[in-house]
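Kindly generate the corresponding structure for this input.
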Amino acid sequence: MAFAFQKTYSPAIERLLYQDSQSLSEKDRRRLAALEAITLGHGGIRSIAKVLACDPQTVQDGMRELKQLPDDPAGSRVRKPGGGRKKTAVKHVGLLQQVQDTIKDRIAGDPMRHDVVWTDLTPQEMSQSLREHAVCAGPRIVRRMLDGLGVARRHILQGLPGGDSPHRDAPLRHLAPLIQALLAAGNPVLRIDTTKKAYLGTLYRDGKVSCQPALKAFDHDVPSLAHGVIMPHGLDDLARHQGWMHLGLSRDTTAFACESVRLLWHRDGRRLSPNASAILLLCDGGGSNSGHKHLCKEDLQELVNDRKVPIRLAHSPAYCAKFNPIERRLCSHVTRACQGVLCDALQTVMGLIQKTKTPQGLSVTVRVLDTLYEGGRTVSEAFKKNMPIVFDTVLPKWNYWAMPQ
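Below you'll find the model as predicted:
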């Protein structure tokens, strides 16, 4: 024969329940008693009424209110509608207009867009100005008013083009069929670019990293405090999620860029593309990949003569360097991997870059080019007179072949 025992509370719990009920409003006290009675089960109404020193009818009223909660629109309110302290915007009907009057003489904007405005006044200064006109509005209220006006603190967005090129789309349309043909034939298509140089030493770097003690750097980013410089040259394979980052230790020159391509082809190129009959390099139009200088073409021709494989160069037109996919496929991920860490040694930088990965499976190979590249070189007169470069008939300024001689 089974016996049902009624749930009870210890004296300490009963004392806490009574103290808590005395701190509640009558409505909440009834509902607390009802919930506890339901928890106790059979005989719970009489037991909880004794614990909370209330009438059993009060407990029953609370149980009835609990059943009506979904149909009670005012059940979540403690005060009646209209109670409590009035909002500042309600007490001061013209507050929004006063905020506009406060900033009207300290506001600037875009002459071509009426909706783009900004001000140099801070919410604290605006709040002080409003107090002088007998309006008590704190900085938080002023900031809320400014948000309503569309005036907020924002970063400068670096995205406007510094110029425009009439040939922005033509190179892409011209290269698309060539890229497909080279890939179908098993030839490599590489995007190359030199990223921002980094100094080795205890110098500040943007970004955050999880660590216990805070990393410390010099209070000034003076190059003389560094004990070395790194010139990262990236190469990205269009056909696979694989990248290479070659770290130069001297200058970003055309010889350095060509040596980076030579190193890639010597170490991995022949293995990954054993039947390659040509190489396509996609790059920007300045720096070590300049399409305007003969020196770049001379070093490229020397590379082709050495490797015995034709190389086609396709430069991005002016103001179109950001359209090079290597910026988002390789360089951005390498930059993210190195954020917030002190580049105090070459091995540290290599380890950080080598850990670069993406959900799509990107892997990065890191190598060092410790050759000292000479600056201020000029192209030879013999190359200028008999330049063997084969220029395309379409956009020849940015598209040409270097054939083995």
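
Looks like Leu200 contacts Leu342 (just checking).
No - counting by CB atoms under 8 Å, no contact exists between Leu200 and Leu342, whose distance comes to 9.5 Å. The C-beta positions use only the backbone N, C-alpha and C, and glycine is treated the same way.

Spatially central residue for this structure, please.
In the chain, the centroid-proximal residue (CA atoms, centre = their mean) is Arg336; its distance is 8.6 Å.

What are the structural domain limits within this structure?
Split into domains by automatic domain parsing, the chain comes to 11-71, 88-149, 170-402.

any idea which of these scores lowest on pLDDT?
By mean pLDDT, the lowest-scoring of the domains of the chain turns out to be domain 88-149, with a mean of 71.

ok, Leu313 touching Leu300?
Yes - in this structure Leu313 lies within contact range of Leu300 using CB under 8 Å: 6.7 Å.

which residues do the two both contact?
Ala402 (CB atoms under 8 Å, 6 or more residues apart in numbering).

List the residues that contact Gly285.
By CB under 8 Å, 6+ apart, Gly285 lies in contact with 291-292, 315-318, 320-321, 398.

Render the CA-only coordinates of the longest strand along the chain in CSV, please.
Looking across the chain with DSSP state E, the single longest strand is strand 228-237. What follows is strand 228-237, C-alpha atoms only, in CSV (Å, rounded to 0.1, in the frame of the first residue of the first chain):
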residue,chain,number,x,y,z
GLY,A,228,65.0,44.7,-39.3
VAL,A,229,62.3,45.1,-42.0
ILE,A,230,60.1,42.5,-43.8
MET,A,231,58.8,42.9,-47.3
PRO,A,232,56.0,40.3,-47.8
HIS,A,233,55.3,39.2,-51.4
GLY,A,234,52.2,37.1,-51.8
LEU,A,235,51.3,34.7,-54.5
ASP,A,236,47.8,33.1,-54.8
ASP,A,237,46.9,30.1,-57.0
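
how close does Pro359 get to Ser332?
To Ser332, Pro359 is 14 Å away according to CB to CB, to the nearest Å.

So between those two, which is more surrounded?
For Pro359 against Ser332, the residue with the higher neighbour count under other CB atoms under 10 Å is Ser332, and the figures read 14 against 5.

Check which helices and strands the helix or strand in which the more buried one is found sits against.
Secondary structure from DSSP states H and E places Ser332 in helix 332-337. Helices and strands in packing contact with helix 332-337 are listed as helix 346-354; criterion 3 or more CB pairs under 8 Å, 6 or more residues apart in numbering; DSSP states H and E.

coming back round to it: what pairs with the longest strand of the chain, and is each one parallel or antiparallel?
Partners of strand 228-237 in the sheet, by DSSP bridges, are strand 189-194 (antiparallel), strand 198-200 (antiparallel), strand 242-248 (antiparallel).

Would you format those as CSV with distance to His133 and mean neighbour count included?
Converted to CSV, the strands paired with strand 228-237 look like this (distance: least, CB to CB, whole Å; neighbours: other CB atoms under 10 Å):
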stretch, distance to His133, mean neighbour count
strand 189-194, 57, 23
strand 198-200, 53, 18
strand 242-248, 60, 22
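
Those strands: which one's closest to Asp370?
Evaluated with CB to CB, the strands paired with strand 228-237 place strand 242-248 nearest to Asp370, the distance being 8.2 Å.

relative to helix 346-354, how tilted is the closest one?
Inter-element angle recorded for strand 242-248 and helix 346-354: 160 degrees (by axes from the mean of the first three to the mean of the last three CA atoms, to 10 degrees).

and strand 242-248, C-alpha only, in CSV?
What follows is the C-alpha trace of strand 242-248 in CSV, where atoms were taken according to Å, rounded to 0.1, in the frame of the first residue of the first chain:
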residue,chain,number,x,y,z
GLN,A,242,46.9,27.7,-51.7
GLY,A,243,49.0,30.7,-51.2
TRP,A,244,52.7,31.6,-50.7
MET,A,245,54.2,34.4,-48.8
HIS,A,246,57.9,35.1,-49.5
LEU,A,247,59.5,37.5,-47.0
GLY,A,248,62.2,39.8,-48.3
